[in-house]
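**Q** can't give you the sequence, but here's the structure:
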Ligand SMILES: [Mn+2]
Ligand SMILES: [Mn+2]
Ligand SMILES: [Mn+2]
C-alpha cells in the first residue's frame, strides 16, 4: 500500500515533527472553479492552514502515485489542464493503475487522507442525495465514504443543488454525525441557514475535537460532517440564489446532463447566472472552512499525539 | 476503547464465571414507556433473564462511560428523568464526550454490547423502514447496524408503525438473517402475524444458537433478527390495533412530528387511543422475548465458551 | 472458519502449485437452467477454464461444508435435485448449520470464494436493482456484496430483467468499479449493448488485472464488475428480446411472483417465450465469460503470486 502513497517534503516534515495536517481536495481546483481563480484559491487556502498552525496536504493522483501535498507547479497543472479525471472511489484503482492524472473528490480525498493517516479534511461542500433521487437513485459516493472512512470533513454543508432533507436522512441512517459549528441549522452552502435543524451544535472547537477523538477511540468507523456556515458578510440572498439554482437544475435536466458531469455543470451555470458572485461566495466559504478546520486539526492533534 | 466501558459488578462476575449475558436497551425505559411502568418492566425483565440462567446487562451512557449493567438507582434515574438523550450511532461519541445522560437505541445497544463482547440482545421491536420512506428516505439506523455489528436481536418483529415489507427487503439486500421462532410469518409487534412469510423458521433454540455460532465463525459480519411473536393471550386484535396505528400515523403527519421524535410520539398516541392496552401488550412481549432470548443466550454460551 | 471450507483435490493441488483458480456459482446450475443443459453447461465451462490455463472451482454447500470445487457426481446432484436451497448472504449460516443442500448465488459465491482466497469469479449476469425498486426496494444482495467483498465478477452485465440505469447508480454510490471489456456501454446480457455508457472501458486483460491488483493492494475493499458482452454471433435481437422480457415481467407481476422466486420464474418464462433461444444465448455468454475470466485470472495470478 505504501508504495502508492507519496508525501510532499512539507507533509513529510510535519509528520516527523508531529504537527497537525489538514487534507484538501483537488476536484475543487480542476472541476469546481475556473482558472486562474482556482489556483489562487488553492494557494490562499494552503496559506490559511499554515497561518493557523497546521500544514496543508492537497491530494491528487499523478503518474500512478497518490500525492499527499502538491508542489506549486502541480497545483498549476491541476488548475489549467483539461485532461484531469474526476476520481471517485470506483475510479481510484484504475486511474492509479493506468497512471492518469486524477483529481480527488470528497470521497476519494477521504480515502487518500486516511491512507496517509490524516484525519481532518477541509472542503467547500459535500455531495449528497440529489433532488429527484427517489426515482433516479443518484446519491453521491461521498455519503457512503462518510459512513466508512475515519476522516472528518469541514464544509459549509451539502451543496445546495442537492436535496438537503434526504441527505440528512441518509447520513442519519448510516450513523454519520453532522455537527453544526456556531449554527443550529444545516447551512446551505451559499447561505447560512436551511430549514433543517441539526441534533448536535456547538460553538466549541474543543468539543468537536474531543468528539472525534472519542468516536475513533471507540472504533466507531466512519467520518463526521462539521457544518460551518459561510460568514454573514459573504452569504448570498436566499431567495435570489435558490431561484438561480432551480433554473440551473432545470436547464441540466433539459440538456440531460447527469452523472459525474452534473455538479460541474450546475456550478458553472450558477456562476454565469450570478455574474460570478457565486464563485466569490464559494471561495470565501472555503477560506473560512480552512480557518475553522485548521483550528479543529490543531486541537485534535494536541489531544491525540 | 476499554476506558469508555464500565461493567456492573454483576456483569463483571458473570464474565469471570463464563456465564451467559443478555444485553438490554435503555431507550425503551426512557422514551418507550411512561413512569413507573417502565422501571417495573425493566426490573421484571432483568429478573426473567436471571431466572432463566443468564445475567442481564442493561446498557446506558452515564458521565462519559458506557455502562454495561445498571444499578437499581440508575434504572430509576432513566425511568424518571426528562433529560435523557436518545442516542443512535451518530450521537454516541458526542454524548460520551460531553458527558451527557444517554439512553441507547437498538443500534447503539448493539454497538455497546459488541464492545463488551455480549452477542445476544433482547428488546421489544427493531426500527425499520418507515411508511412513505420511498420519498422521505426515513430508514432506521437499526437496519444498518444489523448489517454490520455481530449481535443478535430477539424481538417481536419490527414495530408495526413501520412498513414491514420494505423492512424485510432492506434486510435481505443487506444480508441480515431474519429467523422466525415458532412462526412462519414476520410478527407485527402487537399481533402474532403479518402477511410476510419468512424464509427461515424454526422451533428449536439449539438451531438458532448453532446458526449464530456458524455465522460469526465464518466471519459473516452483522447481526440477526430473531422474530418471536407476542404470546397468543396478550396479542391484540389485528383490525383494531391497525386502525389505531393508522390514526396515530395520520396525526403525526398532520403535526409534522418526524425524525427521532416520531416513534415515541406514535407509541404514546397508540397507548392513549387503546386506553393503555398497547402498553400492556408491549410489556408482555418484552417479557416473552426475555425468556426466549435468555434461552438462546445460554445455548449460544454453552456452544462457544 | 477453516473447518467449514473444503477444497476439491483439483483445487487443493492448484493452490499448492500456485496456479490461477476461477470461482463458479451453483445457482446457475440448480435454479438458472433446466436439466440436462445445466450440467452440460457446467462441465463445458469448467473445461474452458482448464483449457485456458486455470483450475475451476464450482462452489456449493453440502452437508455443513462449503465445497470449493465439485466432483462430477456433485455437479449432477445440483443439476437434478429439486431440493436445493438458493443461498444468499442472509441464508448461508443457516444452511450450513442445518446441513442442507445449498446453491450459491453471486453474493454467496463471492463470500465463499473470498474465504478460500479466490479473487476471480465467472458467471452469467449479476443481480441488481429491480424495475420498480423505487417503491418496492427490491435490490439484489449481489450489489452490497460487490461493495464489500474482494472478488471480481466477470459477467455479461446485469440481467436485463433489471433496471440497468438504477443498478449503475447504486454501484457508483457504493464505489464499485464497472469495467467494460471491449465495450464502452454496459452490456444487457442477451444483447451486446445498452444505452448506458461506462466510465471505464479497456480492451486489455493486463489493464484489468493491474487495476484489480492496485485496488486490493490499496485496501479498497469490495469487488469489481467486468462487463463482457455476449459474442456478436450469439446476441439476440434487441427489440425482440426486450419485448419478451417485458411480457414476462408483466406476467410475474400479475401472478405476484416476488422475492427470491422472481428471477428463476422470469428466466423460465423468457426461455419458453423464445422457444429456448434465450437459454442458448445464456449458455454461450457464460462460456465466453469463462474464457475472458480465465485470462484475467491467469494475468492476475502472475502479477500477485
Ligand atoms: Mn451520482
Ligand atoms: Mn429516521
Ligand atoms: Mn430481492
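**A** Structure received. These numbers come from a predicted model, not from an experiment. Ligands and ions are numbered 1, 2, ... in the order given.

**Q** which strand is the longest one in chain A?
**A** When chain A is scanned for its longest strand (criterion: DSSP state E), the result is strand A:55-62.

**Q** in its sheet, what does that one sit against?
**A** strand A:21-24 (parallel), strand A:65-68 (antiparallel), strand A:102-104 (antiparallel) (DSSP bridges).

**Q** what mean pLDDT does that strand get?
**A** What strand A:55-62 shows for mean pLDDT is 98.

**Q** quote the end-to-end distance of stretch A:45-63.
**A** Taking C-alpha to C-alpha, to the nearest Å as the measure, stretch A:45-63 stretches 25 Å from start to finish.

**Q** near chain B, which residues of the stretch 51-200 of chain A show up?
**A** Within reach of chain B by C-beta under 8 Å from any C-beta of the partner chain, the stretch 51-200 of chain A has these residues: A:129, A:134, A:147, A:165-166, A:169-179, A:199-200. Using the backbone N, CA and C atoms, a C-beta is placed for each residue, glycine as well.

**Q** can you pull the contacts of the residue in the stretch 51-200 of chain A that chain B sits nearest to?
**A** Closest approach between the stretch 51-200 of chain A and chain B, counting by C-beta to the nearest C-beta: residue A:175, at 3.0 Å. For residue A:175, the contacting residues are A:147, A:220, A:222, B:88-90, B:107, B:141, B:144-145, by C-beta atoms under 8 Å, 6 or more residues apart in numbering or on different chains.

**Q** next step: these restricted to helices.
**A** Among these, DSSP state H puts A:147, B:107, B:141, B:144-145 in helices.

**Q** farthest-apart pair in those, please.
**A** Greatest spatial distance among those (C-beta to C-beta): A:147 and B:107, at 13.0 Å.

**Q** returning to that earlier point: closest to residue A:297 out of the strands paired with strand A:55-62?
**A** strand A:21-24 (4.9 Å).

**Q** measure residue A:262 to chain C for me?
**A** 12 Å (C-beta to the nearest C-beta, to the nearest Å).

**Q** you'd agree residue A:119 is up against residue A:212?
**A** Yes - judged on C-beta atoms under 8 Å, residue A:119 makes contact with residue A:212 at a distance of 7.0 Å.

**Q** so which of the two has more stuff around it?
**A** residue A:212 (28 against 24; other C-beta atoms under 10 Å in any protein chain shown).

**Q** quick one: that one is in a helix?
**A** Yes - membership of residue A:212 in a helix is supported by DSSP: H, G, I helix; E, B strand; the rest coil.

**Q** check contacts around it.
**A** Counting by C-beta under 8 Å, 6+ apart, residue A:212 has contacts A:119, A:152, A:224, A:296, A:300, B:93.

**Q** farthest pair within these?
**A** Pairwise distances across these (C-beta to C-beta) peak at 14.3 Å, for the pair A:296 and B:93.

**Q** can you get me a residue count around residue A:147?
**A** Residues near residue A:147, counting by other C-beta under 10 Å: 19.

**Q** isn't it up against residue A:176?
**A** Yes - counting by C-beta under 8 Å, residue A:147 touches residue A:176, with 5.8 Å between them.

**Q** can you pull out the low-pLDDT segments for the stretch 1-150 of chain A?
**A** Within the stretch 1-150 of chain A, the ranges that satisfy pLDDT under 70 run A:1.

**Q** and the longest helix along chain A with strand A:55-62, angle?
**A** Across chain A, the helix with the greatest residue count (assigned by DSSP H) is helix A:277-304. For helix A:277-304 against strand A:55-62, the angle by axes from the mean of the first three to the mean of the last three C-alpha atoms, to 10 degrees is 110 degrees.

**Q** helix A:277-304 packs against which elements?
**A** Contacts defined by 3 or more C-beta pairs under 8 Å, 6 or more residues apart in numbering or on different chains; DSSP states H and E place helix A:277-304 against strand A:21-24, helix A:37-51, strand A:120-122, strand A:152-155, helix A:205-217, strand A:224-227, helix A:262-273.

**Q** circling back to that earlier point, okay, and the common contacts of residue A:147 and residue A:176?
**A** Taking C-beta under 8 Å, 6+ apart as the criterion, residue A:147 and residue A:176 both touch A:222-223.

**Q** do you know how far residue A:278 is from residue C:139?
**A** For residue A:278, the distance to residue C:139 equals 36 Å [C-beta to C-beta, to the nearest Å].

**Q** same question for residue A:93.
**A** Computed as C-beta to C-beta, the residue A:93 to residue C:139 distance reads 24 Å.

**Q** any idea which residue sits dead centre in chain A?
**A** residue A:123 (3.1 Å; C-alpha atoms, centre = their mean).

**Q** that one contacts residue A:24, doesn't it?
**A** Yes - here residue A:123 reaches residue A:24: they are 7.2 Å apart, a contact under C-beta under 8 Å.

**Q** what is in contact with these two at once?
**A** Overlap of the contact sets of residue A:123 and residue A:24 (by C-beta under 8 Å, 6+ apart) consists of residue A:109.

**Q** what about residue A:135, how many neighbours?
**A** 11.

**Q** in which helix or strand does it reside?
**A** Taking DSSP states H and E as the definition, residue A:135 sits inside helix A:133-136.

**Q** rewinding a little: between the contacts of residue A:175, which has the most around it?
**A** Within those, most neighbours by other C-beta under 10 Å means residue B:107, with 29 neighbours.

**Q** spatially nearest residue to it, not counting backbone neighbours?
**A** Leaving aside its sequence neighbours, residue B:107 sits nearest to residue B:145 (C-beta to C-beta, 6 or more residues apart in numbering or on different chains; 3.9 Å).

**Q** hmm, back to that, anything in the helix holding residue A:135 near chain C?
**A** Yes - Helix A:133-136 lies within reach of chain C by C-beta under 8 Å from any C-beta, at A:134-136.

**Q** tabulate these in TSV, adding columns for distance to residue B:282.
**A** Supplementary listing: the residues of helix A:133-136 next to chain C in TSV, determined by distance: C-beta to C-beta, whole Å:
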residue	distance to residue B:282
A:134	33
A:135	37
A:136	40
